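A.B. asks: no FASTA, just this:
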């Protein structure tokens, strides 16, 4: 089904699914013949239906048990794609879909690569001005699908009413590194590249698990590691069931707050945080700097942090998200994150083979 009739049909399906229209009846759906449940990701699943349609469910990862969006999808050729986030672009690139990607939010911030070149050549349109989405830019390219994010209280009804299918992607909330990577399977489902997506993910999973198991078999003692960020006189630190804590453990470390389970970051008064951090061997940071960071940047101007053992012993490591695609391509390379952290924790001073995280050496 193509053309205007197709766009009307898809608009009705997306609108009723997103707004809870009472005319949408579950018992009107055909029978499911297969239920596809991800192995690591918690934010989606789908059912293959007897009429060849696909019932996709997106779950609210910030509210356990709640459904974020339901999409009744009938596979067809996608001609034009758009995304509000540069973090979605690596998934499309991995599935060889950049030729149909016509618009990206914050496209001026794309990292160097094929997508950046396409933006520079005018093949990809920037969908944002400043920090705001430009609806007219979206309408100008009329994408079949628009990948969006489910935060900020934004409504996408204006696009749905024009027949633009909106898919709320929340891979950034997944707690397991392989869970974030597994979202490529959802992209593959929607873009008609399921076999390719499954193959890509299987390779990522195989490399990650092989390295994780190899690290685990050689551990004699796990160094204690902490990470987090300061906000005023309080610290926000990831809980034990977080993405970062999982990476640290799988890389051979012992996460400092390993007894904490939470749906969000832990917020600690400085004194409580400092007492705990004084027992850690390593300190990890995500930074955003145009060039090599100084000690003042690492400590955020708080000289008390210079007295932490991890700082005094030169065991701070960092990922510069401004110079690496930590929030994008790294999601599809968790095995490289794991490798970086393993090298750091083993204190392999001869290695320089880092991709994202690296030892921080500018102790001025």
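C.D. replies: Happy to help now that I have it. Just so it is clear, the structure is predicted and the values come from calculations on it, not from any experiment. Numbers count the residues shown, from 1 in each chain.
A.B. asks: residues near residue 348, how many?
C.D. replies: Residue 348 has 12 neighbours, counted by other C-beta atoms under 10 Å. Bear in mind the C-beta positions are built from the backbone N, C-alpha and C, glycine included.
A.B. asks: secondary structure class for it?
C.D. replies: Under the three-state scheme (DSSP: H, G, I helix; E, B strand; the rest coil), residue 348 adopts coil.
A.B. asks: where does it sit relative to residue 281, distance-wise?
C.D. replies: Using C-beta to C-beta, to the nearest Å, residue 348 is found at 15 Å from residue 281.
A.B. asks: got it, and residue 192?
C.D. replies: Applying C-beta to C-beta, the value for residue 192 to residue 281 is 48 Å.
A.B. asks: then residue 158?
C.D. replies: According to C-beta to C-beta, residue 158 stands 52 Å off from residue 281.
A.B. asks: which one of these two is surrounded by more residues?
C.D. replies: Comparing residue 158 with residue 281 by other C-beta under 10 Å, the one with more neighbours is residue 281, at 19 against 12.
A.B. asks: can you pull the contacts of that one?
C.D. replies: 223-225, 309-310, 313, 315 (C-beta atoms under 8 Å, 6 or more residues apart in numbering).
A.B. asks: likewise for residue 79?
C.D. replies: Residue 79 is in contact with 100, 144, counting by C-beta under 8 Å, 6+ apart.
A.B. asks: pretty sure it belongs to a strand, no?
C.D. replies: No. Going by three-state DSSP, the assignment for residue 79 is coil, not a strand.
A.B. asks: return the distance of it relative to residue 98.
C.D. replies: Taken as C-beta to C-beta, the span from residue 79 to residue 98 is 14 Å.
A.B. asks: repeat that for residue 156.
C.D. replies: Distance from residue 156 to residue 98, by C-beta to C-beta: 23 Å.
A.B. asks: could you do residue 284 as well?
C.D. replies: 32 Å.
A.B. asks: neighbour count for those two, which is higher?
C.D. replies: Taking other C-beta under 10 Å, residue 284 and residue 98 do not tie; residue 284 has more neighbours (24 against 18).
A.B. asks: surely that one and residue 244 touch.
C.D. replies: Yes. Contact criterion C-beta atoms under 8 Å: residue 284 and residue 244 qualify, at 7.4 Å.
A.B. asks: need the overlap of contacts for these two.
C.D. replies: With contacts taken as C-beta under 8 Å, 6+ apart, the residues that reach both residue 284 and residue 244 are residue 227.
A.B. asks: quickly find the element holding the spatially closest residue to residue 354 that is not a sequence neighbour.
C.D. replies: Closest residue to residue 354 apart from its sequence neighbours, by C-beta to C-beta, 6 or more residues apart in numbering: residue 340 at 5.1 Å. According to DSSP states H and E, residue 340 maps onto helix 334-345.
A.B. asks: ok, residue 68 next?
C.D. replies: Element membership for residue 68 (DSSP H and E) is strand 67-73.
A.B. asks: one more: residue 317?
C.D. replies: According to DSSP H and E, residue 317 maps onto strand 316-320.
A.B. asks: and that strand, how far out from the chain's middle?
C.D. replies: 19 Å (C-alpha atoms, centre = their mean, to the nearest Å).
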